[in-house]
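below are the sequence and a predicted model; questions follow.
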Amino acid sequence: MNQDGRTRLNQTPEWTALAKHREELGEVGLRELFAADPGRGAGYTLQVGDLYVDYSKHLVTDETLRLLRELAVATDVFGLRDAMFRGEKINTTEDRAVLHTALRAPREAVVEVDGENVVPGVHAVLDKMSDFADRVRSGAWTGHTGKPIKNVVNVGIGGSDLGPAMAYEVLRAFTDRELTVRFVSNVDGADLHEATRDLDAAETLFIIASKTFTTIETITNATSARNWLLGELNAGQEAVAKHFVALSTNTEKVAEFGIDTANMFEFWDWVGGRYSYDSAIGLSLMIAIGPDRFREMLDGFRLVDEHFKSAPAESNVPLLLGLLGIWYGNFHDAQSHAVLPYSHYLSKFTAYLQQLDMESNGKYVGRDGRPVEWQTGPVVWGTPGTNGQHAYYQLIHQGTKLIPADFIGFAEPVAELSEELKAQHDLLMANFFAQTQALAFGKTPEEVRAEGVPEELVSHKTFKGNHPTTTILARELTPSVLGQLIALYEHKVFVQGAVWNIDSFDQWGVELGKVLAKRVEPALTEGAEVPGLDASSKALVAKYRELRGR
Ligand code: F6P
């Protein structure tokens with residue numbers, strides 16, 4: 001029994017039933033499952049908004065799904081979901097509400113935190129962002145020398161970078177192509193250098209994105225950006241107001257940095273960094289795509305929020321995806337999960353999901369403060385097809401690891417491609433469908449032999465199959481579809497955290513490295529003694545100083 005009165009997850013009858021069921025299923029394969037049910041291909045599918053979700057190529061039966069749903073009931077996933085939507089402080093280690101869903105709530109909605117309706121504040125900031133984005137896009141907002149803004153540089157890291165950077169790439173076809181939009185995150189000075197080296201400072205707007213406004217990488221880069229701008233313009237501090245705006249929850253620190261708080265777009269501590277790009281953190285994206293497209297994206301998020309909130313368990317897509325991950329991670333020992341989008345525009349999608357998933361569910365301590373006795377979040381990885389096919393898919397097809405994968409594809413190429421380039425889309429999607437087919441059904445030794453392959457090569461050319469995949473298909477990639485996809489993954493991560501009984505909304509695991517970096521820096525720069533530094537790190541620091549001629 002847990003301190004919170006719950007039975008330990010792995011001692012619940014539902015968990016035991018799943019373990020038994022897994023044993024009974026043994027090595028039952030996808031060929032058998034499909035042979036037993038001719039309706040499986042069309043039947044094991046769900047629709048949410050524009051997303052058609054095919055889960056037929058999973059190593060599951062109706063019974064597996066039923067048992068997984070029972071586990072969700074036993075762990076009160078929907079109870080926690082309702083508490084989240086109501087604004088209860090379900091992020092217990094930080095005593096915070098978890099209300100990214102309020103960021104896309106309609107104007108008339110009421111969502112209370114500590115007795116205060118937060119929705120009017122959300123819309124006030126959205127309106128302020130829209131007004132600002134319109135002024136930048138129209139040229140009405142001018143820089144210190146009177147020139148309109150042509151370049152937007154977002155400076156932030158983690159959730160203050162990955163979301164807008166990813167969404168900007170995804171929605172490139174919807175962006176104002178006259179604007180140059182760049183994202184600087186790495187404290188490696190090369191990042192800021194490359195982002196600014198060919199820009200005219202007089203036409204450049206820096207958006208300093210930091211929830212806390214204390215993140216050392218961001219503040220360091222923001223300081224260097226300010227110095228670069230003032231140097232290039234040969235101007236004093238007064239130029240900052242026209243070229244720097246801030247996205248933050250921390251008014252005091254923003255003012256301290258020298259940014260006019262009138263040019264600050266706020267959000268709130270109930271928005272986690274990795275859940276924040278539909279808040280003020282999305283300002284760079286809004287400038288790029290315009291306020292209307294941004295709002296379409298929010299509508300997409302909302303559509304999936306509503307679905308997650310109200311769809312019954314049998315047809316609840318985030319629930320299903322979360323539970324499938326649990327099936328593989330906890331009952332098949334899968335260690336990782338691949339996300340393989342078949343769209344060039346989704347090139348940063350998986351990197352974004354890495355933070356969303358791994359920072360949320362990379363935890364070994366449960367909500368009860370005790371170490372868990374079950375696997376939690378997987379390693380999330382992947383890049384857009386078809387490139388991966390010529391690189392690492394070999395391991396997915398014939399390696400020794402089970403790697404469940406999500407394949408995401410679109411029926412239509414983006415509208416602005418030439419006819420010739422649009423025609424390539426069918427080849428892209430032929431690969432998309434071929435890969436999940438090959439992964440699921442493989443190729444038997446008999447099939448290989450029938451092709452006349454010499455006996456000594458038969459085993460090499462055999463594909464065992466039974467590699468599970470989810471296919472997510474939409475007609476086209478629009479701002480709304482992007483919102484739908486992100487909300488789908490947000491809620492999937494939520495479901496898993498709820499079942500594993502971990503707090504998906506804190507991130508204490510990143511703190512130690514931050515503290516140590518602060519301690520080590522003087523050793524690098526001044527050769528200062530770091531009390532308690534281990535022998536390996538000491539030798540490395542000495543080598544570093546020697547290599548730098550210090
Ligand atoms: O160090 C991790 C983290 O706190 C992330 O959760 C967050 O998205 C990122 O740093 C950036 O934080 P901030 O927006 O406060 O600069």
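The structure has been received and is ready for your questions.

quick one: contacts for whichever residue of the stretch 401-550 of the chain sits closest to the ligand?
Closest residue of the stretch 401-550 of the chain to the ligand, Cβ to the nearest ligand atom: V510 (3.9 Å). Using the backbone N, CA and C atoms, a C-beta is placed for each residue, glycine as well. Neighbour list for V510: E359 [criterion: Cβ atoms under 8 Å, 6 or more residues apart in numbering].

wait, is it part of a helix?
Yes. Under DSSP: H, G, I helix; E, B strand; the rest coil, V510 falls within a helix.

now the residue nearest the centre of the chain: how far from the ligand?
Closest residue to the average C-alpha location of the chain: L353 at 2.5 Å, with Cα atoms, centre = their mean. Distance, L353 to the ligand, by Cβ to the nearest ligand atom, to the nearest Å: 14 Å.

ok, that residue touching Y489?
Yes. Taking contacts as Cβ atoms under 8 Å, L353 lies within contact range of Y489: 5.8 Å.

so D269 makes contact with T249?
Yes. At 5.8 Å, D269 and T249 qualify as touching, with contact defined as Cβ under 8 Å.

for the protein, which segments count as strands?
With DSSP state E as the criterion, the chain has strands at 45-48, 51-54, 112-113, 116-117, 151-155, 180-184, 204-209, 244-248, 264-266, 336-341, 379-381, 405-410, 469-474.

can you tell which of the ones you listed is closest to the ligand?
strand 204-209 (6.5 Å).

just checking, what packs against that closest one?
Counting contacts by 3 or more Cβ pairs under 8 Å, 6 or more residues apart in numbering; DSSP states H and E, strand 204-209 packs against strand 151-155, helix 216-233, helix 240-243, strand 244-248, helix 283-289.

reformat the ones you listed as CSV; add mean neighbour count and mean pLDDT.
Formatted as CSV, the helices and strands packed on strand 204-209 follow (neighbours: other Cβ atoms under 10 Å; pLDDT from 0 to 100):
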stretch, mean neighbour count, mean pLDDT
strand 151-155, 25, 98
helix 216-233, 18, 98
helix 240-243, 20, 96
strand 244-248, 26, 98
helix 283-289, 28, 98
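
now tabulate the ones you listed in TSV and tack on distance to the ligand.
Listed next are those as TSV, based on distance: least, Cβ to the nearest ligand atom, whole Å:
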stretch	distance to the ligand
strand 151-155	10
helix 216-233	5
helix 240-243	19
strand 244-248	8
helix 283-289	13
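
contacts only, for the closest residue in space to R449 that isn't next to it in sequence.
Distance criterion Cβ to Cβ, 6 or more residues apart in numbering; nearest residue to R449, sequence neighbours excluded, is V458 at 5.9 Å. Taking Cβ under 8 Å, 6+ apart, we find V458 in contact with P445, V448, R449.

quick check: residues of this structure near the ligand?
Listed as neighbours of the ligand in the chain under the rule Cβ under 6 Å from any ligand atom: 157-160, 210-212, 215, 218, 273-274, 359, 507, 510.

now the angle from the longest helix seen in the chain to strand 405-410?
Longest helix in the chain, counting residues (DSSP state H): helix 479-500. On the basis of axes from the mean of the first three to the mean of the last three Cα atoms, to 10 degrees, helix 479-500 is oriented at 160 degrees to strand 405-410.

run the angle between helix 479-500 and strand 469-474 for me.
150 degrees.

circling back: so which of the residues of the chain next to the ligand wins on neighbours?
Neighbour counts for those (other Cβ atoms under 10 Å) peak at S160, which has 30 neighbours.

and that one, what's its pLDDT?
pLDDT, S160: 98.

separation between it and L516?
Distance, S160 to L516, by Cβ to Cβ, to the nearest Å: 22 Å.

just give the nearest non-adjacent residue to L205, would you?
I149 (4.7 Å).

neighbours around the one you found, how many?
Counted with other Cβ under 10 Å, I149 comes out at 22.

and M166, by the same measure?
For M166, the tally of surrounding residues (other Cβ under 10 Å) stands at 25.

shouldn't it be in contact with Y345?
No. Using Cβ under 8 Å, M166 is not in contact with Y345, being 9.9 Å away.

break this protein into its domains for me.
Taking the TED database as the domain assignment, the ranges for the chain are 28-88+302-500, 103-289, 515-548.

and the first one, how far from the chain's centre?
Computed by Cα atoms, centre = their mean, to the nearest Å, the chain-centroid distance of domain 28-88+302-500 equals 14 Å.

distance between the ends of it?
One end of domain 28-88+302-500 sits 27 Å from the other (Cα to Cα, to the nearest Å).

as a whole number, average confidence for that domain?
Rounded mean pLDDT across domain 28-88+302-500 is 98.

ok so, going back, now the helices and strands packed on strand 204-209 in TSV, with distance to F85?
Shown next, in TSV, are the helices and strands packed on strand 204-209 (distance: least, Cβ to Cβ, whole Å):
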stretch	distance to F85
strand 151-155	30
helix 216-233	31
helix 240-243	39
strand 244-248	25
helix 283-289	25
